[in-house]
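Participant: Pasting the sequence and the predicted model now:
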Amino acid sequence: MPDATDSPFVPQTVRDCFRGLPDPRVAGRTTHALDDILAIVFLATLTGCDDFVAMADYADAKQQWLRDRVGVRLRHGVPSHDVLTRVMAAVHPDHFATASERVVALLIRHAPALANQRIAIDGKALRGSRDRATRMVHLVGAWATGAGLARAQVPTAAKSNGITAIPELLDLLDLSGALVTIDAAGCQTDLAARIVDREGDYLLQVKGNQERLHDDVRGLAEAAMEENLDALDVWREESGTVRHGRRESRTCFVIDDPHLLRATVRDFDRWAGLRSGVVTIGEREVDGVASAETRYHISSRQASATAFGMAVRRHWGIENECHGVLDVAFREDDHRLRAGHAAANLSVVRRMALPVLKRSKVKLGIKNRRLKASYDNEFLESLLAELFKDFDA
């Protein structure tokens, strides 16, 4: 996402992250500065506030701190919860994503390669955003699995599914050198081509929605296992201990013979840059009952079974480390925002706050880190000090 001011800069203060965003309000008829409002929303979310009433109350209680340490001007006092609601409903998510990218840039500046190492794409529904007259807000997001960061997200259009939003999401990202992982719903020839065109590689799960491809890859895998599995590049991982009566193991192997792939995959030429078939076998034993599941993927990259096995496993970090944490620690599914873009924008704010909280070394869960940040200014400033110069000692 290009910077809103068309002049890239490194934010020095919390307010800088929101500087220059297009203001949707009528010029000359505003009381509170847009960057003040958005900085309050971000900090209040970081410190445990989950609705606009709590955010306005937080700003009222922290007025002096906000002025002295964040530079929020509050020239006309504290914005009311109605003002916060109207502004967050009016700001377009595409513009708000610019602020998110600025925070991501600060978080990854010490290890930029991690942001593009592996990018998992998956959808999420904001369940509290639905009522009889309002469609539930659905978002498609990108998660950098190596850095543990939400890179970008876009809402899906009404009467649409996530597939139509993925191209828009891909266009927001720098995919150079990235391995983009998507589940079976995103196994589409146009998405594969788009990723390759943007100098990335894909790793797409194959299921019955691509029946010919699924049959071909499964047949290729079964033939390889029957002939000589040991001759293939194989990665195996086993859980060392039984946890809750459960033992798990994972095996991955790769078929990357170009002549074999071309001869076996009937639609080979439709999949841009296809170079590997990847098979993962997950085996589980729960209370003495064994089960196994085989998953098939295709990729435009040639890599080791270890690399592919870890990429398949880490893909679900977007569920476990992002979506699951947001539901538990931020109560995302309980939020009942339905006005304009408010639900989508607050979802972006939560994804901006999550990695800031995760960087702390304090031995508390995310929910309790938010609580601690609300009453302990020193702890809150320690979270922000690594990002913003206005919190340097």
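Facilitator: Happy to help now that I have it.

Participant: can we go C-alpha only for contacts and neighbour counts from here?
Facilitator: Noted.

Participant: which residue ranges form the strands in the stretch 151-300 of the chain?
Facilitator: Using DSSP state E, counting those that start in this stretch, the strands of the stretch 151-300 of the chain run over residues 179-182, 201-206, 233-238, 246-255, 276-286, 289-299.

Participant: Run through the protein and note the low-pLDDT ranges.
Facilitator: For the chain, the stretches flagged by pLDDT under 70 are 1-9, 110-116, 127-136, 157-162, 228-231, 238-245, 338, 390, 392-393.

Participant: Looking at the strands of the stretch 151-300 of the chain, spot the one closest to Glu386.
Facilitator: Proximity to Glu386 (CA to CA) singles out strand 179-182 among those, at 28.2 Å.

Participant: so what strands line up beside that closest one?
Facilitator: Sheet pairing of strand 179-182 (DSSP bridges) gives strand 118-126 (parallel), strand 201-206 (parallel).

Participant: burial count for Val137?
Facilitator: 21 (other CA atoms under 10 Å).

Participant: how close does the residue nearest to it when sequence neighbours are not counted get to Arg331?
Facilitator: Spatial nearest neighbour of Val137, chain neighbours left out: Leu126 (5.4 Å); criterion: CA to CA, 6 or more residues apart in numbering. The spacing between Leu126 and Arg331, counted by CA to CA, to the nearest Å, is 10 Å.

Participant: Who has more neighbours out of those two?
Facilitator: Legend: neighbour count by other CA under 10 Å for Leu126 and Arg331, higher for Leu126 (20 against 14).

Participant: Distance of the more buried one relative to Phe388?
Facilitator: For Leu126 relative to Phe388 (CA to CA), the value is 31 Å.

Participant: ok so, going back, would you mind saying which of the strands of the stretch 151-300 of the chain lies nearest His95?
Facilitator: Taking CA to CA, strand 179-182 is the member of those nearest to His95, at 23.9 Å.

Participant: Now the closest one: buried residues?
Facilitator: If you call a residue buried by 16 or more other CA atoms under 10 Å, then strand 179-182 has these buried ones: 179-182.

Participant: Report all helices and strands that the helix or strand in which Leu84 is found contacts.
Facilitator: Using DSSP states H and E, Leu84 maps to helix 81-90. If you count contacts as 3 or more CA pairs under 8 Å, 6 or more residues apart in numbering; DSSP states H and E, helix 81-90 packs onto helix 52-61, helix 342-358.

Participant: Return the distance of the helix or strand following it from the chain's centre.
Facilitator: As assigned by DSSP H and E, the chain's next helix or strand after helix 81-90 is helix 93-108. Distance of helix 93-108 from its chain centroid, counting by CA atoms, centre = their mean, to the nearest Å, is 12 Å.

Participant: just stretch 260-279 next, same as before
Facilitator: On CA atoms, centre = their mean, the centre of stretch 260-279 falls 29 Å from that of its chain.

Participant: Going forward, count from 57.
Facilitator: Yep, numbering from 57; the last one is stretch 316-335 now.

Participant: export it as CSV, just CAs?
Facilitator: Only the C-alpha atoms of stretch 316-335 are listed here, as CSV (Å, rounded to 0.1, in the frame of the first residue of the first chain):
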residue,chain,number,x,y,z
LEU,A,316,7.0,-36.6,-14.4
LEU,A,317,4.9,-33.6,-13.4
ARG,A,318,4.3,-32.6,-17.0
ALA,A,319,3.4,-36.2,-17.9
THR,A,320,1.1,-36.7,-15.0
VAL,A,321,-0.7,-33.4,-14.3
ARG,A,322,-3.1,-33.1,-17.2
ASP,A,323,-3.6,-29.3,-16.8
PHE,A,324,0.1,-28.7,-16.1
ASP,A,325,0.4,-25.7,-18.4
ARG,A,326,-2.6,-23.9,-16.7
TRP,A,327,-0.7,-23.7,-13.4
ALA,A,328,1.9,-20.9,-13.7
GLY,A,329,5.4,-22.1,-13.0
LEU,A,330,4.3,-25.4,-11.5
ARG,A,331,7.5,-27.1,-10.2
SER,A,332,6.5,-29.3,-7.2
GLY,A,333,3.9,-31.6,-5.9
VAL,A,334,3.9,-31.8,-2.1
VAL,A,335,2.3,-34.5,0.0
